[in-house]
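Colleague: need a 3D model of the sequence below.
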Amino acid sequence: MRRVPELDALRGIAAITIVMYHLRYMLAFPLLGTAVDLFFVLSGYLITTILLDGEGRPAGPFLRAFYARRALRIWPIYYLTLAALLAVNRRLPWPQPTSAWPFFATYTQFVQAYWSGPFPPFSRHFLHTWTLAIEEQFYLFWPLLVRWSGRRRLGLLIVPLLATPIVLRSRGMFGHLLLTRCDGLAWGAVLALVLRDGDRVRRRPAAYRLGFAAVIGAALSFAAWRRPFLIALIPLAPSWPWLKVAESLSIARMAAFHFGVVGLVACLAGSRWVRILRRKPLVFLGQISYGLYLYHPFVFVLVAVAHQSLGIKGSVWIDTGKVALCLAVASLSWWFVERPLLALKERFRDRDIEPSGLFRGPHAAPVAVRERT
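Modeller: Purely as a prediction, here's the structure:
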């Protein structure tokens, strides 16, 4: 399937940003971690567009093809990585508990937080897959809700998905759950609705670009007025956990920011303004982004074991080697594991699940983007 290269590049940028965040900049640059919200917005946009394209088609064949293609894209290297981790864990100098593996194998990690239960321990090298669990759970129920609601009622369905996470996070609920982090996916669904009528967008491209730019500007400026706004509200309800409210609003702000970025890039796709996003290295980075995101903690720990066993202290050169090895492993995975498996998706090919409604701006012919979590 042909791709929107600019969106692939955005996905690749998000993946390498997360790698850098986990490398050594977690405390120095915490905003790097918000790149996961870009993943969520892109996924919500792609999946909702596919589902809207299939509106009115027979539900059974459409959903079977949809879920089969999703499974082929996500499951193989996920379970490959999980199996490798379980096999190698005991041989590491610092083995970690793995009793929670059934939850990770079923994409239900951290569900105990819904009833305030304790989390079974598991290796920290696989904890980043909470984002994949959220997306898998989203893929499970969202197609059914979209089919049930239809396009006209979809907007009403999205509103609680934008508001509920803000409230739940403000009340202290764990933030790595579907109900506390689905606002990014919901913003992606909003984008699918906004850009659904491609002809209308092409007739008024400046208005749409200005709108997305305004969302970006509002999200960026929120940091300046958030503090005085909350300080003014504290006397009205002193017992409220205002610190958690501020944290929750910050997550919502970044989801809205990435909504604006993806929307603006989609409207500018094919133009000279975003030609850097069509460069082959960035586009390829987007192609390998899933493997890059999934493998990088595992690669980090293996490199750490190697250089420590040799008595070599960590350095910027070691860090550079870690990133290079992550890129190499993800590239090999793409060419020899993922790409051959993706060819099997043709067995479940259905024109109704080709995301033809993805908008590429007035400067390029509409094409589809490859599916990716």
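
Colleague: so where is the chain shaky, pLDDT-wise?
Modeller: Across the chain, the ranges flagged by pLDDT under 70 are 1-3, 25-28, 226-227, 229, 232-233, 236-237, 239, 349-357, 360-373.

Colleague: beyond the longest helix belonging to it, next helix or strand please.
Modeller: Longest helix in the chain by number of residues (criterion: DSSP state H): helix 130-170. Using DSSP states H and E, the helix or strand that follows helix 130-170 in sequence is helix 178-181.

Colleague: residues in contact with that following helix?
Modeller: Outside helix 178-181, the residues that touch it by C-beta atoms under 8 Å, 6 or more residues apart in numbering are 40, 114, 133-134, 137-138, 164-165, 168-169, 173-175, 251. Heads up, the C-betas are built off the backbone N, CA and C, glycines and all.

Colleague: can you list contacts of the next helix or strand after it?
Modeller: Toward the C-terminus, helix 178-181 is succeeded by helix 183-194 as the next helix or strand (DSSP H and E). For helix 183-194, the surrounding residues in contact (C-beta under 8 Å, 6+ apart) are 36-37, 39-49, 52, 134-135, 138, 142, 151, 154-155, 158, 161-162, 165-166, 208, 251-252, 255-256, 258-259, 262-263, 266, 357.

Colleague: if we can go back for a sec, got the angle for the longest helix of the chain vs helix 183-194?
Modeller: Orientation note: helix 130-170 sits at an angle of 100 degrees relative to helix 183-194 (axes from the mean of the first three to the mean of the last three C-alpha atoms, to 10 degrees).

Colleague: pull out the buried residues from the contacts of helix 178-181.
Modeller: If you count burial by 16 or more other C-beta atoms under 10 Å, the buried members of these come out as 40, 133-134, 137-138, 165, 168-169, 173-175, 251.

Colleague: and which of those is nearest residue 4?
Modeller: Compare each of the buried ones among the contacts of helix 178-181 with residue 4 using C-beta to C-beta and the shortest gap goes to residue 40, at 17.5 Å.

Colleague: which element follows the host helix or strand of residue 47 toward the C-terminus?
Modeller: Per DSSP H and E: residue 47 is located in helix 35-53. Later in the chain than helix 35-53, the nearest helix or strand by DSSP H and E is helix 59-88.

Colleague: list the helices and strands the longest helix of the chain packs on?
Modeller: Helix 130-170 sits against helix 35-53, helix 59-88, helix 178-181, helix 183-194, helix 242-268, with contacts defined as 3 or more C-beta pairs under 8 Å, 6 or more residues apart in numbering; DSSP states H and E.

Colleague: which of those helices sits closest to residue 331?
Modeller: Smallest distance to residue 331 across the helices and strands packed on helix 130-170 (C-beta to C-beta): 12.8 Å, for helix 59-88.

Colleague: for the next helix or strand after that closest one, give me every contacting residue.
Modeller: Proceeding C-terminally, helix 59-88 gives way to helix 101-105 as the next helix or strand, assigned by DSSP H and E. The set of residues that contact helix 101-105 without belonging to it, under C-beta under 8 Å, 6+ apart, is 79, 82, 86, 109-111, 120, 122, 126, 129, 133.

Colleague: of the residues you listed, grab the buried ones for PyMOL.
Modeller: If you want just the buried ones from these in PyMOL, going by 16+ other C-beta under 10 Å, the selection is:
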select buried, resi 82+109+110+111+120+122+126+129+133
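
Colleague: can you list the contacts of helix 101-105 in TSV and add distance to residue 22?
Modeller: Formatted as TSV, those follow (distance: C-beta to C-beta, whole Å):
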residue	distance to residue 22
79	22
82	18
86	21
109	17
110	18
111	23
120	22
122	17
126	12
129	13
133	17
